[in-house]
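# What follows is a protein structure lacking sequence information:
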């Protein structure tokens, strides 16, 4: 329970003010000219009417509250239930709003999928809202224009009737928005094309199920029922289509291991977070993985029955691939046997962009009885709908100059599709090209009209990430700039009422809350307060939405069920010296948040590099090529090249080079320090992918790696790969193993007692390294961004970092393939979130000459910023090296960007030391609330709140209810560097390495 | 005891010349020939400490000569070079204070680098002066008389240089006064008496105060001499500085008492200052810092580096100021012996550290020392060992002890080595401490190098001004030594 977690129902005014009636174009500028106080006044005053309305508030309509609105107090945060719009996974959020501006997103604990966690990208969404480079007004041909001009231009363009009308969108997870777009498309005789830029292979899954069953579907894994999980080259935990929900389910399943065993085998070529979490990791290239899947399918035939057997046999007869190496074949054989042995409790997932492999995996799951058991095919995931066929059609139409009008809903095909540069020209040649986006991208530049769109936090919306989940998304701030809702714009251009809020409410009245006993307004308000509707209502509503969309012509053209003879064959093994595998990173994903400095600075949990794209190569291969970390290299696929920084990464397949997408986009984040050289822009790895018939091939591409003969800027926050044999992180074989005697700490001095005694317990077995906590901490605590050059100089400011160590797999822990390549060929990966340990006997406190760091009565190591003179003695004497010094003036200066600052936390000056304080502002707020209400409220730290795996627990070690004391007594509890006698208040639970199964 | 002849042209006027100028204790001690020194005491019988047996008047003339003639070309060149270096330092400090400590090569893991290295280096240099003037005075080492003044001056300038670094290394030096425990209106806000950095402030400010007093008190009779010789505005200044010295018997008596008293006060400080500085490191938890050997090791190192610096300075002054008569090879030989002794102590400390790191079995400490010797900063470690342990071994040979060239090169190398010792202790302990995830490298930036140059600029600027403004050799002490030397010769 948190202080402000009770949800506040918004008082909604009737009808939003008419957008067109107001001279809104001055608004953004006016907002900026206001001082802080008057801005807050304006926003606060507008809050009563304006917040609820998705449209702008004219000065005339902003009236001060005559009567205070219940639950809203100046200087006090309020939380609104909403839905995250940073990606299509649509996790549930609670938006913390302070003085009419959202300052933090928290996971919504009762959300059926995300369950309280949020990812790094979602945490960074607040920064995205206050990004200074957002469009502040609509534009025509690159010049600011008024909405009247834009509307007139679009209307005349549409009226000309030349060519086809296309809407290019990401997966529209919002059924109402989808309906609005469909209405526009239907009214204008156009077509909606959705595509997803990521590398998770979802498009291939949809294609595979269409071939197999005649109906495209994205089955949802149910890990709770799964005992053996085999993942082929997918990063479901880190960057999959729904990493928060998957991580939550995965961590829960691991926790339940004591009752029922769980084993996770990862088969991959490029190290991923999912591979890092696995119990057993097998190295295989993309083509080997396809062969591996076929071998598993062959093994799964044993004892299987049903129509799938026939299909599988036909398919196996046709899909011939190069035979597997002896060792991999042996692995496949034993793993196949293990899968068969756990029929109904096994699950195979693949991240391949190759339809043939996805077909094989779909058949495999069917044979293993996964469908309906470990794989939810009934509800299915709706977060990826991008179809290769539709995209191919659009590209074809563009090439044939048959497109008369193209409306792009924030997508960036020029940068995130292979061959995008050609697309830019084609889009430029379309008579009417409209970008409905928030910020400049290469695609937006290619478009004639920019219909500046609201940010997700300024917008109404809903989301149905699964057929039985339907949540609402409400605006939590008056639009900062002269922007419009993107769906509203389309509605207006369809000749309908452009008020999207009205549209959404009408859609909900008709489809979602139709049968409710309460009047609609009340029911809607309740849904708003709760963030959505229950599963049954959601399922019915989603069905109605689908039916209505289908009636508008949005039906997936039904395809006849295809026999195996017509299925596409597996891709040929790549030529070239190396195989390229594109991957995503937890911060940048498919590249959409590339403008976001928080996420650009977030170090990748595996490479520990921030700001720059790395080419990850195995140590053995690096040695052979004479490449070291930090060398500038060029990766080439055919004549397409990108420039990257080499990163020697243990656990890479020696024949694979892993390259993250999402970097080097033209409008990427800039360093906050103006002297910094811009990051290389020729590192957009999407250009390396292959685009054929709308399908993007992201792995198994033959690539070459060339040294450029110079050193590149390497913003690494950790250079060491190994723990050097130090007992920093413990591992155990199972949950019951006891690490050893908890050593008594002896001292001649009297140990101080603290009450309450705040402690944190971090379960390293649950932690996947996803880094959501890092960005949550940054958002909560106003941690500054320092830019790539300062990161390279190790001036990073993270209060919370995730240390990563590689550790050789011992024979006991199952040596996987490729022996003889050294300890780093396929090591274990250990993550350790590291923040201030709030030592009860703190070395930093003793050495500060001015007593700027002291201990509170409740065990918090406090940093008094205005007392600090900056001797850095405390940082030197910190064994955990968690103290951070303000080397320069790192405070954000931009007026808009400063709005993202948390008013509860001091913004630190140059020359001052800072560090984690267990979110002391939250502890104090909870303490005040406890005193006020008499009901004990346990504070929740920002990192703990955000953790999708629920790996972080926090509470009073003196209070049994919190369970912290019990956690600390567990067998696998240990304290890093506890032997120094510093009495750390952070306890870790050891990683459980079950190792490879006996006999496999 | 006839001392009337002693002071024919000593401080005061001719009319006062019959007053007893020399404190009894020193005279008595000389008479008894007590030899309490740790090093080979300079027996006047063995070798004269003032060459050529000059008349007292000549001594005054020769010592006062640099003050009374216009500065020569060599002085100007040195002075301009020193001021130039100082300006570089001022600019770099200005930039640092204006922009941020980020201009330095420090990072989240290595919080101290050149700044505290320079601080400890200069504090160390500042040891020799007081050691010579106080401890050697108490131990009645007569060879100290001609070099004491210059060494004391060096001490004060070195402590001034050292004092700059704790201030400028702060992130917010404009709030440096927070470091002082003074009654304030910010609530009951006090300093942290548990912090060794605070102890440093007390130790160093006390040391500076006592050294300054000692130096000034010693200068008073000499200022009086200068007052009597000078004319015009210079006379006025010397008159003020001489505090009305009249050379009477009672004045001399009080003077001698004050000297002994200050020597007594300064003696423990010589040991305490660097002991406290070493606590900055020894009381921490960082492997490579957390060592009980630090106090004696630091004091020995400080004496070592201080003497090396005294040798460097005196060799130059001797040449430039034509003071060969007073700074004799005998002096240098004695100082070389001090170098040999303290250098060997330092070497033993290095060996002990290595042994304890190995024998103690603490993996972090073991690694730190392995890393020092073979890690990325191995070059700095071996520079240190070479300069501090191997170089002084040459002074086993008398020829080397008496060779100006060898002495000069060795002293410079020892100063380099001692600078690197501090660099090693600070940087190589920090850059790879407990958690490998935080390991970094440190390299100074041009700003830090500029500040180091600037500190040398300040040091030499002050020293060059000093040799122009005050007698580099104490008139009366040298004359006393000369007197004893004659007595000794006479009796011998």
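Sure thing, it's come through. Remember, predicted model here, so these are calculated numbers, not experimental data.

# What is the neighbour count of the residue in chain A that chain B sits nearest to?
Distance from chain B to each residue of chain A (Cβ to the nearest Cβ) is smallest for residue A:870, at 2.0 Å. C-beta here means a position set from N, CA and C on the backbone, and glycine is covered the same way. The number of residues packed near residue A:870 is 27, by other Cβ atoms under 10 Å in any protein chain shown.

# what about it, is that helix, strand or coil?
Local secondary structure at residue A:870 is given as coil here, using DSSP: H, G, I helix; E, B strand; the rest coil.

# Could I get the contacting residues of it?
With contacts defined as Cβ atoms under 8 Å, 6 or more residues apart in numbering or on different chains, residue A:870 is in contact with A:885-886, A:911-913, B:101, B:170-172.

# and the residues you listed, which two are the farthest apart?
A:886 and B:170 (12.2 Å; Cβ to Cβ).

# so what sits against both of those two?
Common neighbours of residue A:886 and residue B:170 are listed as A:870, A:911 (criterion: Cβ under 8 Å, 6+ apart).

# Quickly note the distance from residue B:255 to residue A:66.
Between residue B:255 and residue A:66 the distance is 87 Å, computed by Cβ to Cβ, to the nearest Å.

# ditto for residue B:400
In this structure, residue B:400 and residue A:66 are 95 Å apart, going by Cβ to Cβ.

# More neighbours: the two, which one.
Set residue B:400 next to residue A:66 and count neighbours by other Cβ under 10 Å: residue B:400 wins out with 18 against 6.

# So that one is in contact with residue B:394, correct?
Yes. The pair residue B:400 and residue B:394 passes the contact test of Cβ atoms under 8 Å, sitting 4.6 Å apart.

# For the closest residue to residue A:483 other than its chain neighbours, list the residues it contacts.
With Cβ to Cβ, 6 or more residues apart in numbering or on different chains as the measure, residue A:452 is the residue that lies nearest to residue A:483, at 4.4 Å, once sequence neighbours are left out. Residues in contact with residue A:452 (Cβ under 8 Å, 6+ apart) are A:134-139, A:437-438, A:481-484.

# Looking at the contacts of residue A:870, spot the one nearest residue A:968.
Of all the contacts of residue A:870, residue A:968 sits closest to residue A:913, with 28.4 Å by Cβ to Cβ.

# which residues touch the closest one?
With contacts taken as Cβ under 8 Å, 6+ apart, residue A:913 has the following neighbours: A:852-853, A:863, A:868, A:870, A:872, A:874-875, A:883-886, B:171.

# Out of the residues you listed, name the ones that lie in helices.
Those of the contacts of residue A:913 mapping onto helices are A:874-875, per DSSP state H.

# Throw together a ChimeraX command that grabs the buried residues out of the contacts of residue A:913.
Below is the selection syntax for ChimeraX that covers the buried ones among those, with 16 or more other Cβ atoms under 10 Å in any protein chain shown defining burial:
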select /A:852,853,863,868,870,872,874,875,883,884,885,886 /B:171
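
# and which of the contacts of residue A:913 is nearest residue B:92?
Nearest to residue B:92, judged by Cβ to Cβ, of the contacts of residue A:913 is residue B:171 at 16.4 Å.

# quick one, phi psi at the nearest residue to the closest one once chain neighbours are set aside?
Counting by Cβ to Cβ, 6+ apart, residue B:171 lies nearest to residue A:870, which is 2.0 Å off, once chain neighbours are set aside. Listed backbone geometry of residue A:870 is phi 80, psi 50, with angles given as degrees, to the nearest 10.

# Would you mind measuring from residue A:870 to residue B:443?
According to Cβ to Cβ, residue A:870 stands 21 Å off from residue B:443.

# burial count for the residue nearest to residue A:369 when sequence neighbours are not counted?
For residue A:369, the nearest residue in space outside its immediate sequence neighbours is residue A:344; the separation is 4.2 Å by Cβ to Cβ, 6+ apart. Residues near residue A:344, counting by other Cβ under 10 Å, number 13.

# Check the one 5 residues further on too.
Applying the criterion other Cβ under 10 Å, we find 26 residues in the vicinity of residue A:349.

# Assign a three-state SS to it, would you?
When states are read from three-state DSSP, the local structure at residue A:349 comes out as strand.

# Looks like it contacts residue A:229 (just checking).
Yes. Look at residue A:349 against residue A:229 with Cβ under 8 Å: they come within range, at 7.3 Å.

# List the contacts of residue A:432.
Going by Cβ under 8 Å, 6+ apart, residue A:432 touches A:153-154, A:157-158, A:160, A:404-406, A:448-449.

# overlap in contacts of residue B:400 and residue B:394?
Common neighbours of residue B:400 and residue B:394, counting by Cβ under 8 Å, 6+ apart, are B:406, B:410.

# Next one: residue B:152, what pLDDT does it get?
What the model reports for residue B:152 is a pLDDT of 90.

# again with the one 4 residues further on
We have a pLDDT of 93 for residue B:156.

# Now it: which helix or strand?
helix B:144-168 (DSSP states H and E).

# what is the orientation angle of the next helix or strand along the chain from that helix with helix B:144-168?
Under the assignment DSSP H and E, the closest C-terminal helix or strand after helix B:144-168 is helix B:196-229. Going by axes from the mean of the first three to the mean of the last three Cα atoms, to 10 degrees, helix B:196-229 is angled at 130 degrees with respect to helix B:144-168.
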